[in-house]
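Chemist: Test case, fold it:
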Amino acid sequence: MITIIFIMLSCSLSAPPSNVITIIEPEVINPYTRILKAVIAIESNGDVNAFNEKELARGILQIRPIKLNQYFKETGIRLTSDDCFDAEKSIQVFMHFALKHDYRDIQSLSWEWNGKGKTNKYFGKLQKELLSL
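Modeler: Below is the predicted model:
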């Protein structure tokens, strides 16, 4: 008896007509997000307080003083070494350099971020990390 009543009720119920169109805004996809996550995994394994004493690299993206100087010259934004321990500021620096390259050109991006001398080794690490994401 309950099943019959339920079927009768569900068949007779319908949404009222509407003259309103609903537009759902799609989520913005940043093609650099995967690259950023891979670089963070390589550089610090996600540790915002990471510090490499030999290279004086700091933060989640292991930003070196020379990269901060280059960032200042190109943007006019002066960040301190301690600012590199702030994940948002570190990402801002990384994205400045990453956006110079097409997100599909991982080798050029790895060269920009890690330097010419270590590119092949770093590029290999980056490719491996991207495959794991």
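
Chemist: In terms of secondary structure, what does the top helix by length along the chain contact?
Modeler: If you go by DSSP state H, the chain has its longest helix at helix 119-132. Applying 3 or more Cβ pairs under 8 Å, 6 or more residues apart in numbering; DSSP states H and E, one finds that helix 119-132 makes contact with helix 33-43, helix 106-114. For every residue, glycine as well, the C-beta is placed using N, CA and C.

Chemist: can you put these in JSON lines and add mean neighbour count, distance to F94 and mean pLDDT?
Modeler: Shown next, in JSON lines, are these (neighbours: other Cβ atoms under 10 Å; distance: least, Cβ to Cβ, whole Å; pLDDT from 0 to 100):
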{"stretch": "helix 33-43", "mean neighbour count": "19", "distance to F94": "6", "mean pLDDT": "96"}
{"stretch": "helix 106-114", "mean neighbour count": "19", "distance to F94": "7", "mean pLDDT": "89"}
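
Chemist: can you put these in JSON lines and add distance to S132?
Modeler: Shown next, in JSON lines, are those (distance: least, Cβ to Cβ, whole Å):
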{"stretch": "helix 33-43", "distance to S132": "8"}
{"stretch": "helix 106-114", "distance to S132": "14"}
